[in-house]
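>>> Structure for this input, please:
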Amino acid sequence: MKNLTLKLGLIALLFTSSVAYSQVPKLSSIASGTPSTIFFDFDGHTVQSAAWQSGNAFICAPAALNATQITEIFNRVSEDYRPFNVNITTDSAIFLAAPFTKRVRIIVTPTSAWFQGVGGIAYTGSFNWGDDTPAFVFSDRLVNFPKYIAECCTHESGHTLGLAHQSKYDVNCTLTETYRTGSGSGETAWSPVMGNSYYRNMTGWDIGPTPFDCSATQDNLTVITTQNGFTYRTDDFAETRDNNTTLVDAGAFSIGGIIATTTDKDAFKINIAQAGYIHIAVSPFSIGAANNGANLDIMLLLYDNLNVLIGTYNPLNTMNAVIDTALNAGNYYIVVTGAGNNNTTNYGSLGSYTLSGFRGPLPIRSVALQGNNEGNRHKLVWDIIADEPITNQLLEVSVNGTNFRTILNDVTGLKRYIYTPSEKGTLYYRLKATNTLGQSMYSNIAALKTITGSDNLFIVSTLVQQTITVSAPNNFTYSLYDANARLIATGRNVKGNTNIDVQSLPKGMYILQMMSDNYKQTERIIKQ
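As a prediction, this is how the structure comes out:
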């Protein structure tokens, strides 16, 4: 047996309280019909397994997580496994009813002292051993943050299904990353779940090398579906475009589906009785704004009644797709499929989606945002094309392209705004327009770099390993955020050279905000 552990970095224990058993919601990703089960155990467990602690019994405490956090973790992990005919559950009764050779228990616990140096631990291939050998995710070392815990849950359960880590090599076949970190920023930033997926939004299954050799290519999807007694879910909608294609109502419709394989294409038929405008939108499953937690980057294809392709809709900076167009009377076909982007191919672009649409004048046709630098300020201008009056405009900014905050709430119909950033680096802007009908539309995202001046009060080391060094002319306070804008540390330091200890934090990007009197400075920190 090969013991493969997740070593994505450690974070100091910040939470010590336990969650009551009654707080764990009973959730399942498949209502019934599949015996294959991955059980995520949050409420504590007594372990007695020959594979762990030399067979001696030990107690794992409940995770210090509330029902909302557990539900988010469940939703993220369920979406990772959405393509497969395997049930993700938090219900022990469902786990115990499953066959021994088609089930595994993943214990999410702060009891971690017995196995040092990792965020989780699993035996490769243990899913079908038939002896209930569990795997572990150490929630305390992941600061009880649902995103981190969910990524680790998918990672460790992936080991039990037979997967090794995904790595990265250079052109000379030299290992550069044992845990591949992926690439990109913002909504379409991607990384493999069997690498280091803590700090990217779009995470998924991958095909590529492992730590064993640059030529040892591992096909995640094939391993999962051929070695564990289950395969993909049954295709919900056929690709065939003919009289048997699923018909949707052109007046108004909403329908959900799943892209389960790299070749899966779901086709829908729509009849336009009278020439006019139509709005069609498709969005991947997500847990928040900007497709947070989505795995499926979607492409829409539009065909006429003769099966001639008349439009392809695949924006590279967002995971959803929209068709706003005028069509003549007749039959048309809409095809939904997974797509690649600037950071990844369509291999792991899998998951569930919602397709909706309606006919008639489009209340908001487009929201276009542009920006440029004017000295140390950012000038934003926009144009809105709408059939109904716009009643509200929200201009938002983000330091990472995912988590936005409002900088302008306007009801007067402004078309421009000048913003003086307190942050450094690249800032991401978007505009949300709302009309009298209560319908809203977001603009494109405009990225602008802030101009670095020589008048910064704080001199900060931005590439660090154990400490962040700050040189300050005055006493100051600071706040440290992770890549998802979650506050993880605050403090107060005196003027001069001071150090902020980050040795217990995992590798990745952080945002350090420092404040002194009326001055605020923000720096992007990369921990190696």
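
>>> confidence score at the residue nearest to Thr101 when sequence neighbours are not counted?
Excluding the flanking residues, the one nearest Thr101 by Cβ to Cβ, 6 or more residues apart in numbering is Gly130, at 4.3 Å. Yep, even glycine has a C-beta here, placed from its N, CA and C like the rest. We have a pLDDT of 96 for Gly130.

>>> just Phe253 next, same as before
Reported pLDDT for Phe253: 95.

>>> Surely it and Thr354 touch.
No. Using Cβ atoms under 8 Å, Phe253 is not in contact with Thr354; the gap is 10.6 Å.

>>> Now stretch 464-484: buried residues?
Of the residues in stretch 464-484, 464, 468, 470, 472, 476, 478, 480-484 count as buried by neighbour count, 16 or more other Cβ atoms under 10 Å.

>>> Please apply the same query to stretch 328-346.
Quick answer for stretch 328-346 (16+ other Cβ under 10 Å): 331-341, 343-344, 346.

>>> what's the most distant pair in these?
Within the buried residues of stretch 328-346, Asn331 and Asn343 form the most distant pair, 36.3 Å apart (Cβ to Cβ).

>>> ok, the buried residues of stretch 328-346 vs Asn220, which is closest?
For these, the residue nearest Asn220 by Cβ to Cβ is Thr344; the value is 13.0 Å.

>>> Do I have it right that that closest one meets Ala189?
No. Thr344 is beyond contact range of Ala189, at 9.4 Å (criterion: Cβ under 8 Å).

>>> Need the residues touching each of those two.
182-183, 202 (Cβ atoms under 8 Å, 6 or more residues apart in numbering).

>>> what residue ranges in the stretch 301-450 of the chain score low on pLDDT?
By pLDDT under 70, the low-scoring segments of the stretch 301-450 of the chain are 361-362.

>>> In JSON lines, list the buried residues of stretch 328-346 along with secondary structure and distance to Ala294.
Formatted as JSON lines, these follow (DSSP: H, G, I helix; E, B strand; the rest coil; distance: Cβ to Cβ, whole Å):
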{"residue": "Asn331", "secondary structure": "strand", "distance to Ala294": "31"}
{"residue": "Tyr332", "secondary structure": "strand", "distance to Ala294": "26"}
{"residue": "Tyr333", "secondary structure": "strand", "distance to Ala294": "25"}
{"residue": "Ile334", "secondary structure": "strand", "distance to Ala294": "20"}
{"residue": "Val335", "secondary structure": "strand", "distance to Ala294": "19"}
{"residue": "Val336", "secondary structure": "strand", "distance to Ala294": "14"}
{"residue": "Thr337", "secondary structure": "strand", "distance to Ala294": "15"}
{"residue": "Gly338", "secondary structure": "strand", "distance to Ala294": "11"}
{"residue": "Ala339", "secondary structure": "coil", "distance to Ala294": "13"}
{"residue": "Gly340", "secondary structure": "coil", "distance to Ala294": "14"}
{"residue": "Asn341", "secondary structure": "strand", "distance to Ala294": "12"}
{"residue": "Asn343", "secondary structure": "coil", "distance to Ala294": "13"}
{"residue": "Thr344", "secondary structure": "strand", "distance to Ala294": "13"}
{"residue": "Asn346", "secondary structure": "coil", "distance to Ala294": "14"}
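
>>> Looking at those residues, which is nearest Thr245?
Tyr333 (6.4 Å).

>>> Could you tell me which residues make contact with the closest one?
By Cβ under 8 Å, 6+ apart, the residues touching Tyr333 are 241, 245, 267-270, 302-304, 307.

>>> can you do 7 Å?
241, 245, 267-269, 303 (Cβ atoms under 7 Å, 6 or more residues apart in numbering).

>>> so can I have JSON lines of these showing neighbour count, secondary structure and distance to Thr426?
Listed next are the contacts of Tyr333 as JSON lines, based on neighbours: other Cβ atoms under 10 Å; DSSP: H, G, I helix; E, B strand; the rest coil; distance: Cβ to Cβ, whole Å:
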{"residue": "Arg241", "neighbour count": "21", "secondary structure": "coil", "distance to Thr426": "42"}
{"residue": "Thr245", "neighbour count": "20", "secondary structure": "coil", "distance to Thr426": "44"}
{"residue": "Ala267", "neighbour count": "20", "secondary structure": "strand", "distance to Thr426": "39"}
{"residue": "Phe268", "neighbour count": "21", "secondary structure": "strand", "distance to Thr426": "38"}
{"residue": "Lys269", "neighbour count": "19", "secondary structure": "strand", "distance to Thr426": "43"}
{"residue": "Tyr303", "neighbour count": "18", "secondary structure": "strand", "distance to Thr426": "39"}
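
>>> Just the closest of those residues to Thr318, please.
Closest to Thr318, out of all of the contacts of Tyr333 and judged by Cβ to Cβ, is Phe268, at 21.1 Å.

>>> That closest one and Tyr332 touch, don't they?
No. Judged on Cβ atoms under 7 Å, Phe268 makes no contact with Tyr332 at a distance of 9.3 Å.

>>> Tell me how many other residues crowd Met509.
Here the count is done by other Cβ atoms under 10 Å, and Met509 has 16 residues near it.

>>> quick one: it is in a helix?
No. In this structure, Met509 is strand, not part of a helix, as judged by DSSP: H, G, I helix; E, B strand; the rest coil.

>>> Hmm, it is touching Ile526, no?
Yes. Met509 is within contact range of Ile526, at 5.7 Å (criterion: Cβ under 7 Å).

>>> Alpha carbons only: can I get the helix or strand hosting Ile525 in PDB?
With secondary structure defined by DSSP states H and E, Ile525 is part of strand 519-527. C-alpha atoms of strand 519-527 as PDB (Å, rounded to 0.1, in the frame of the first residue of the first chain):
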ATOM      1  CA  TYR A 519      -3.100  56.700   5.400                       C
ATOM      2  CA  LYS A 520      -3.900  53.200   4.200                       C
ATOM      3  CA  GLN A 521      -1.600  51.100   2.100                       C
ATOM      4  CA  THR A 522      -2.300  47.600   0.600                       C
ATOM      5  CA  GLU A 523       0.400  45.100  -0.500                       C
ATOM      6  CA  ARG A 524       0.100  41.700  -2.200                       C
ATOM      7  CA  ILE A 525       2.200  39.200  -0.400                       C
ATOM      8  CA  ILE A 526       3.500  35.900  -1.900                       C
ATOM      9  CA  LYS A 527       4.600  33.300   0.600                       C
END
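
>>> Check which helices and strands that strand sits against.
Secondary-structure packing of strand 519-527 (3 or more Cβ pairs under 7 Å, 6 or more residues apart in numbering; DSSP states H and E): strand 463-464, strand 508-516.
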